[in-house]
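>>> Fold the following.
(chains A, B, C and D)
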Amino acid sequence: MKKSIKNIFVEGAITPEKIAKSIAAHQSKTGIGAHDIFLGQVRADEIDGKMVQAIEFSAQKEMANQICHDIKSEIFDKYPIYCMHIYHSIGWVKAGEICIFAFVSAAHRTTVFNALQEVVNKIKAKVPIFGKEIFEDKSHQWKENK
Amino acid sequence: MKKSIKNIFVEGAITPEKIAKSIAAHQSKTGIGAHDIFLGQVRADEIDGKMVQAIEFSAQKEMANQICHDIKSEIFDKYPIYCMHIYHSIGWVKAGEICIFAFVSAAHRTTVFNALQEVVNKIKAKVPIFGKEIFEDKSHQWKENK
Amino acid sequence: MDVTLTYYGKLVEVVGKSQELIDVQAITLRELVLWLENEYPDLKKLSLKIAQNNAIGELEDKITSKNIDIFPPFSGG
Amino acid sequence: MDVTLTYYGKLVEVVGKSQELIDVQAITLRELVLWLENEYPDLKKLSLKIAQNNAIGELEDKITSKNIDIFPPFSGG
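Next up, the predicted model:
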């Protein structure tokens, strides 16, 4: 596990090509038998008759990176995983586009299933990121995780 | 959900590009908020001092496709999911390459986490696919799921 | 009735062939397993699964299909 | 001590600014929250989180940093 604090933020949507590159980068790690990938996609929710067109994400980036670094440490201590990556969008992400990419790799599937769920739940609960849901008429409301 | 029985088999390894294309194909479905993807990768296990170089997969393909179709029906009945895809390699897959790709999409993360685990466990238990682990010296042994 | 048995995975090596035609009267899958274990004693060590019409059968099931699949443990995924 | 408060997300709209400088004596985060709720009554409806040195603080914590982050509920992921 790397000790340096990585930048989780990607400007705008996370592309399928970025995900493919990340998967391909693991083919040299031949102890890996299972990958689990979570992707969050912006939903075109209808709220009071108006459709969400995009989410604009802002964050306390330095703290967000620190907390994700701490989450990684906890997960590496708890589960026998090989790799773990977290990316989150900052700025505008349109409905249908991907705004979070969390990726865990290990020898066996039960490890990755358990570890990835814990990672995603911790990100939602602990990382200072804020989503502003923009409607088609340019009005907005602030998203809240449930 | 489609009624026709799909072919889950891909000749050789499943490429990161195929996974990226599959992810991109879901961007028009703006009710989706969460994707969960499981990838199985061939491990270079060491067994009695010999390294696994590849797995050669064979199957009763017609039955495998039928069972995967039935698994899909069960999962769609049980969970509020939008989409589900299963792909499995047939033939040779080298260590480090991907041999199974299972993909579930829904509005919320708990749905995809629960559904995907059930899908993968069912595939391992119920689908007639057989893996022959090929060692570097061309000897082999037959894989068994635990 | 002529029935084609198809062997999969390691069974092809244990039995030494991938298919064979046998003539059976109205028998159950249990009787087929007994016949197989008698013919190929090495099969006793394996937990076989028997399928007809693309579905795993119970030992009590009668053979109704002309094509029977004989499987070793699955190892996909 | 001069302390810079930085507001995030919807708080920027509620408070009407993204940063402000205040002069505080050795106070706890609880006292800061009371000051904020007095200054901006609309904040009472929100469950605020207060961070210093990139970590969420407890209400009992003393303010030790010159930079304090005031957060509304998180909504990443």
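
>>> Moving C-terminal from whichever strand or helix holds C:V14, which element do we reach first?
If you go by DSSP states H and E, C:V14 is part of helix C:10-15. Where DSSP H and E defines the elements, the next helix or strand beyond helix C:10-15 is strand C:19-23.

>>> Against which helices or strands is the helix holding C:V14 packed?
Helices and strands touching helix C:10-15, by 3 or more Cβ pairs under 8 Å, 6 or more residues apart in numbering or on different chains; DSSP states H and E: there are none. (Glycine included, C-beta is placed from N, CA and C.)

>>> Could I get the CA-only coordinates of that helix as PDB?
Coordinates of the C-alpha atoms in helix C:10-15 are reproduced here as PDB (Å, rounded to 0.1, in the frame of the first residue of the first chain):
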ATOM      1  CA  LYS C  10     -12.300 -34.100 -16.000                       C
ATOM      2  CA  LEU C  11     -14.800 -36.900 -16.600                       C
ATOM      3  CA  VAL C  12     -13.600 -37.100 -20.200                       C
ATOM      4  CA  GLU C  13     -10.200 -38.100 -18.800                       C
ATOM      5  CA  VAL C  14     -11.500 -40.400 -16.100                       C
ATOM      6  CA  VAL C  15     -13.900 -42.200 -18.500                       C
END
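
>>> How many neighbouring residues does A:N121 have?
By other Cβ atoms under 10 Å in any protein chain shown, the residues close to A:N121 number 15.

>>> That one should be in a helix, yeah?
Yes. Assessed by DSSP: H, G, I helix; E, B strand; the rest coil, A:N121 belongs to a helix.

>>> Now the residue of chain A most remote from its centre, what are its backbone angles?
Relative to the mean C-alpha coordinate of chain A, counting by Cα atoms, centre = their mean, the farthest residue is A:G49 (28.7 Å). A:G49 adopts backbone torsions of phi 80, psi 0, taken as degrees, to the nearest 10.

>>> in the helix holding C:V14, what counts as buried?
Using 16 or more other Cβ atoms under 10 Å in any protein chain shown as the test for burial, helix C:10-15 gives C:10-12, C:14-15.

>>> what do you get for stretch A:120-136?
Within stretch A:120-136, judged by 16+ other Cβ under 10 Å, the buried ones are A:120, A:122-124, A:126-135.

>>> now stretch C:67-77
C:68-77.

>>> and the host helix or strand of A:S58, is it in reach of chain B?
Assessed by DSSP H and E, A:S58 sits inside strand A:50-59. No. Strand A:50-59 is not in contact with chain B by Cβ under 8 Å from any Cβ of the partner chain; minimum separation 8.6 Å.

>>> what's the answer for stretch A:105-119, then?
Yes. Stretch A:105-119 lies within reach of chain B by Cβ under 8 Å from any Cβ, at A:105, A:107, A:109, A:112-113, A:116-117.

>>> The residue nearest to A:P128 when sequence neighbours are not counted: neighbour count?
Leaving out its chain neighbours, the residue that sits closest to A:P128 by Cβ to Cβ, 6 or more residues apart in numbering or on different chains is A:Q60, at 4.3 Å. Per other Cβ under 10 Å, the neighbour tally for A:Q60 reads 21.

>>> Relative to B:Q117, how far out is A:Q60?
33 Å (Cβ to Cβ, to the nearest Å).

>>> Then A:S22?
22 Å.

>>> if we can go back for a sec, so the residue nearest to A:P128 sits right up against D:G9, yeah?
No. Taking contacts as Cβ atoms under 8 Å, A:Q60 lies outside contact range of D:G9: 9.7 Å.

>>> For chain C, which residues are neighbours of chain A?
So chain C meets chain A at C:G77 (Cβ under 8 Å from any Cβ).

>>> and the longest helix for chain C?
helix C:29-39 (DSSP state H).

>>> A:D48 - how many residues pack around it?
A:D48 - counted by other Cβ under 10 Å - has 7 other residues nearby.

>>> Please read the previous query as pertaining to A:V52.
21.

>>> hang on, it packs against A:V42?
Yes. Using Cβ under 8 Å, A:V52 is in contact with A:V42, at 7.2 Å.

>>> Could you pull out the residues contacting both of these two?
Common contacts of A:V52 and A:V42 (Cβ atoms under 8 Å, 6 or more residues apart in numbering or on different chains): A:A95.

>>> can you give me phi and psi for the residue nearest the centre of chain C?
The geometric centre of chain C, computed from its C-alpha atoms, lies nearest to C:I70 (Cα atoms, centre = their mean), at 3.4 Å. Phi and psi for C:I70, reported as degrees, to the nearest 10, are phi -110, psi 120.

>>> mind listing what it touches?
C:5-8, C:11, C:36, C:48-50.

>>> Not counting sequence-adjacent ones, nearest residue to it?
Per Cβ to Cβ, 6+ apart, closest to C:I70 is C:Y7, 5.2 Å.
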